[in-house]
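# turn this into a model:
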Amino acid sequence: MSNEFDSFLKKHRIISQLTAPCTPQQNEVAERRNRTLLDMMRSMMSFSTLPTSFWGYALENAGYLLNLASSKSVPLTIMEMWMSHKPGLHHVHIWGCPAHVLKPNVDKLELRLEVCQFVGYPKGTMGYYFYSQVDQKAIPIVHEIDPTDYDEAMSNVDAHFWQKAMEVELESMHSNHVWELVEAPKGIKPTGYKWVYKRKRGVDGKVETFKVRFFEKGYSQKPIVNYGETFLADSHAQSIFMMQDGFVAKGQEHMVCKLHKSIYGLKQASRSWNKRFNQAIKAFYFDQNEDEPYVYKNVQESMAVFMILYVDDILLIGNDVRLLSLVKIWFSTQFQMKDLGEAQYILWIKVLRDHKNRKLVLSQMPT
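Down below sits the predicted model:
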């Protein structure tokens, strides 16, 4: 025991009790846990082809797994006691198993994958360590898996951000009066819902925003009953009723959501959105390209603005800054939008700007 630690104990009036030399059995729980860790480490290494020099990675992996598991004496896991929710196990893999890792900075004709071996989990982030036989070292790969449902999101390390993103999505639904709570009509089975989670990353690979979308399970809609040629933006000929969104209103648990506007997942959603967008954009004197219906142009004498629509993402290109600014201001009055600035990537194609020579270059070369 160091003099510094001894002074700390005396300062706080803590009496230390030491075990007798060569008597590990006196440590009881600690020694049993050490034996468990060593047994797990030996077992993992015996079923892998990795050399014994990787015992440290195996030992860390054993400790990581024990923190995710409960025991007979303590029904809750350590992670559950520390983070107040059950940990997910979808990211757990067999130690030493082969893994196909995407290689960065490769030519077009070069193999993009390298077969490595999984050896552990980096601390402080969701990802993996892989041993590369080519580089003769362990390489960290940060690969945060987006949650597939509400329970996974709430057990995720980024649960706070997902919760906030869901609240923003619901606030948008309520402010736009997408639905109202009504008594469930007789003979009508309300459709379900699903939360979809996605981390939006910048060109450097870092997470910029946590995006959450609320989907109606449109696959359960039946023709004529709750969808047909008409759709919500124009008609209520087929009413659609949906179960409450997960944040159930107190005292109104028995009620259902009657949709007034189209949302993600509806069979009518794409048609509704495209018709609404097409009508709005043409009102601002944009002409639609006959061969490419998602390309629009606005030409005013020597000034021109081209607009490209990809699902709900918009790319604007023009030769006049003032006209581009007017178009963006007009867009913000018609739709809820966020200006992301100059485009850096378009469908994973890099945009390079040569302001001196007034040129735009598209590049598929790896960065």
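# please count neighbours and contacts with C-alpha atoms only from this point.
Fine.
# bridging residues for the most centrally placed residue in the chain?
For the chain, the residue nearest the mean C-alpha position is residue 198 (2.9 Å; CA atoms, centre = their mean). For residue 198, the beta-bridge partners are residue 211 (DSSP bridges).
# quick one: it and residue 148 touch, right?
No: using CA atoms under 8 Å, residue 198 is not in contact with residue 148; the gap is 9.4 Å.
# how about the spatially closest residue to residue 183 that is not a sequence neighbour, what does it touch?
Closest residue in space to residue 183, ignoring its immediate chain neighbours: residue 255 at 4.9 Å, by CA to CA, 6 or more residues apart in numbering. By CA atoms under 8 Å, 6 or more residues apart in numbering, the contact list for residue 255 reads 181-184, 243-244.
# try it again at 7 Å.
181-184 (CA atoms under 7 Å, 6 or more residues apart in numbering).
# before we move on, what about residue 288?
295-297.
# which intervals of the stretch 51-200 of the chain have sub-threshold pLDDT?
124-125, 143-144 (pLDDT under 70).
# please enumerate the strands of it.
Secondary structure of the stretch 51-200 of the chain by DSSP state E, counting those that start in this stretch: the strands cover 98-102, 113-120, 127-132, 137-142, 179-182, 193-201.
# for the second one, what is the distance to the chain centroid?
Centre-to-centre, strand 113-120 and its host chain are 23 Å apart (CA atoms, centre = their mean, to the nearest Å).
# list the buried residues for it?
With burial defined by 16 or more other CA atoms under 10 Å, the residues of strand 113-120 counted as buried are 116-120.
# how about stretch 209-217?
Result for stretch 209-217 [16+ other CA under 10 Å]: buried residues 210-217.
# still on that earlier bit, how near is the residue nearest to residue 183 to residue 181?
6 Å (CA to CA, to the nearest Å).
# contacting residues for residue 182?
255-258 are the contacts of residue 182 under CA under 7 Å, 6+ apart.
# so which of those are in strands?
256-258 (DSSP state E).
# before we move on, the earlier item: isn't the residue nearest to the centre of the chain up against residue 214?
No: using CA atoms under 7 Å, residue 198 is not in contact with residue 214, being 11.7 Å away.
# quick one: residue 109 and residue 55, what's the gap?
37 Å.
# and what of residue 166?
42 Å.
# the two - which one has more neighbours?
The residue with more neighbours, out of residue 166 and residue 55, is residue 166; 21 against 17, by other CA atoms under 10 Å.
# excluding its backbone neighbours, what's nearest the more buried one?
residue 212 (5.9 Å).
# just list the residues touching the one you found, thanks.
Here residue 212 is in contact with 165-166, 169, 195-198 (criterion: CA under 7 Å, 6+ apart).
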